[in-house]
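[1] Here is a sequence with its predicted model. Questions after.
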Amino acid sequence: MACAGCATQGGARDAAGANDLTATPGKTSATAADSRESDDDRAAVAPYPIDNPLLATVLGTPAKLKAPLPDDAPITLRTLDPLVQRDTPDTLRYARPLQYMFTPQDGPAPLAFVIAGTGASALSSKCVLLSRALYADGYSVACLPSPTSVTFMLGAAEYPVPGRMKTDVDDLYRMMGAVRDDLSDQIDITGYALTGWSLGATEAAFVAHKDASAGQFDFQHVLLLNPAVSVWDSVARMDALLDRTLPGGIDQVPSFLAKGLGGLKDVYAKNKALRFNEDFLYQAYQSGAADQNDIGALVGLAFRLSLANMAYAADVITRSDVIVPKNVTPGPYSDMRPYFRRAFDMSFNDYINELLVPYWNSDGRHVPKSTLIREADLHQIAGFLANSDNIAVFTNADDPILSDDEVAFLSRTFGARARIRPHGGHMGNLSYDKTIRALQDFFSP
């Protein structure tokens, strides 16, 4: 469940300059797309400016360095009939129905599937960004919610306790088939491509592996954007980050937010035209109003909130008696504070031990914890990834969800198909002009 706003320590720190694409031993390699960039193109775009990985994760890309993308992409939402039948708890009705984001081309075109990252629905801003980028590259695009989102858990998950890679991928594959069927009389599909970000990138790798034998899509291009290598190791880093930067847990959140917002109001007062977005945060950082020491807490807090939402939903859907007592049925007017506190206090290790492992070892299921951990690691399909010329990876050497060894693993496994930037944190440079151009180059026929 790597990474809603993910971060921690780790990641290679020894890459060269912020704009250097030259391979360093065991760490960084350039794609063919990079080599096709002209010197004029390189000079036209300034280097990605944030060399602190946690800051990059939170602040993203300044507006002047973002890729220009079409504003008129025909982005819509489409609704699918539920792929599984289950009752919806009253407190989760907000997450119905099962939807995906759809961006069609007017004429015949390949269809690109996008798998959202941890906790994200089809309404995610990254779904919009990638839909616009791929639409500009000639694709129709369908962005799917993450298996860790409540809408997916309710409407698409055969087993509604996310975290077992095998079954989460089976559910995604089934939803892709449902999307294809839903669009069969809407567009002329000439082929298929696949991408995903963060946890969605790791899932995309396993979806491609499944399709190699199932053969429903025969993906022409698969791009992994900032994947976790070992999902469990990445989320453990998130837990450690929050424990280190927000040791008071949920009780410390009000004072943390008050401190942060108190500094940010001065930035807003100086420029009332600013919106509260990445550019606002970037100016706050430049002005010193945003305390760099609090950035890690912000990243860890974002992850923990996604985890809390997922854990609460899994508990009430399965009536596991972990967060909400089995004899209690919360309604729209119930006091949710005790349940929110319990969900927020759960580390990911708690989620594994109290929800995931017990679920997979009940009602006739017998899946040991070691299997759950092993299944969610790209090392399990390293040979497939190394030998699949249609699969590439984009990541950053300082991505805080990765260790140095994991960055080296991606470089070794993908070789020239690995595009590893020295800076950008976790997804911080996704909208950066050169990232989008490289993405479009990769997906071009």
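    On my side now, so go ahead. As the structure is a prediction and not an experimental result, all values here were calculated from the model.
[2] Sketch out the low-pLDDT regions of the stretch 1-150 of the chain for me.
    Scanning the stretch 1-150 of the chain with the threshold set as pLDDT under 70 gives 1-43.
[3] Helices of that one, residue ranges please.
    Counting by DSSP state H, counting those that start in this stretch, the stretch 1-150 of the chain has helices at residues 32-36, 39-44, 53-59, 125-136, 150-155.
[4] Tell me which of those helices lies nearest to P332.
    Of all those, it is helix 150-155 that lies closest to P332, at 15.4 Å by Cβ to Cβ. Every C-beta, even on glycine, is put in place using the N, C-alpha and C of the backbone.
[5] Leaving out chain neighbours, which residue sits closest to Q252?
    L246 (5.3 Å; Cβ to Cβ, 6 or more residues apart in numbering).
[6] separation between that neighbour and D294?
    9 Å (Cβ to Cβ, to the nearest Å).
[7] same thing with I115?
    Counting by Cβ to Cβ - I115 and D294 are separated by 31 Å.
[8] what do you get for D181?
    47 Å.
[9] Compare neighbour counts for the two and give me the winner.
    Shown here are D181 and D294; by other Cβ atoms under 10 Å, D294 has more neighbours (19 against 10).
[10] so for stretch 303-317, what's the average pLDDT?
    For stretch 303-317, the mean pLDDT works out to 94.
[11] Same check on stretch 192-210?
    In this model, stretch 192-210 has a mean pLDDT of 99.
[12] roughly how far is that stretch from the heart of the chain?
    11 Å (Cα atoms, centre = their mean, to the nearest Å).
[13] ditto for stretch 165-177
    Distance, centroid of stretch 165-177 to centroid of chain: 16 Å (Cα atoms, centre = their mean).
[14] Now it: buried residues?
    Of the residues in stretch 165-177, 165, 167-173, 175-176 count as buried by neighbour count, 16 or more other Cβ atoms under 10 Å.
[15] quick check, nearest of these to D239?
    Among the buried residues of stretch 165-177, and counting by Cβ to Cβ, the member closest to D239 is M165, at 19.0 Å.
[16] Which residues belonging to stretch 120-138 are considered buried?
    In terms of neighbour count (16+ other Cβ under 10 Å), stretch 120-138 has its buried residues at 120-122, 124, 126-135, 137-138.
[17] Just the residues contacting it, thanks.
    The contact list for stretch 120-138, computed with Cβ atoms under 8 Å, 6 or more residues apart in numbering, reads 4, 67, 69-70, 73-75, 77, 95, 99-101, 103, 105, 109-110, 112, 114, 116-117, 141, 143-146, 149, 151, 193, 195, 197, 200, 427, 430-431, 436, 439-440, 443-444.
[18] how does it look with 6 Å?
    The contact list for stretch 120-138, computed with Cβ atoms under 6 Å, 6 or more residues apart in numbering, reads 69-70, 73, 75, 99-101, 103, 109, 112, 114, 116, 141, 143, 145-146, 149, 151, 197, 431, 436, 440, 443.
[19] Which positions in stretch 180-192 come out as buried?
    Quick answer for stretch 180-192 (16+ other Cβ under 10 Å): 180, 182-183, 187, 189-192.
[20] Need the distance between the two termini of it.
    10 Å (Cα to Cα, to the nearest Å).
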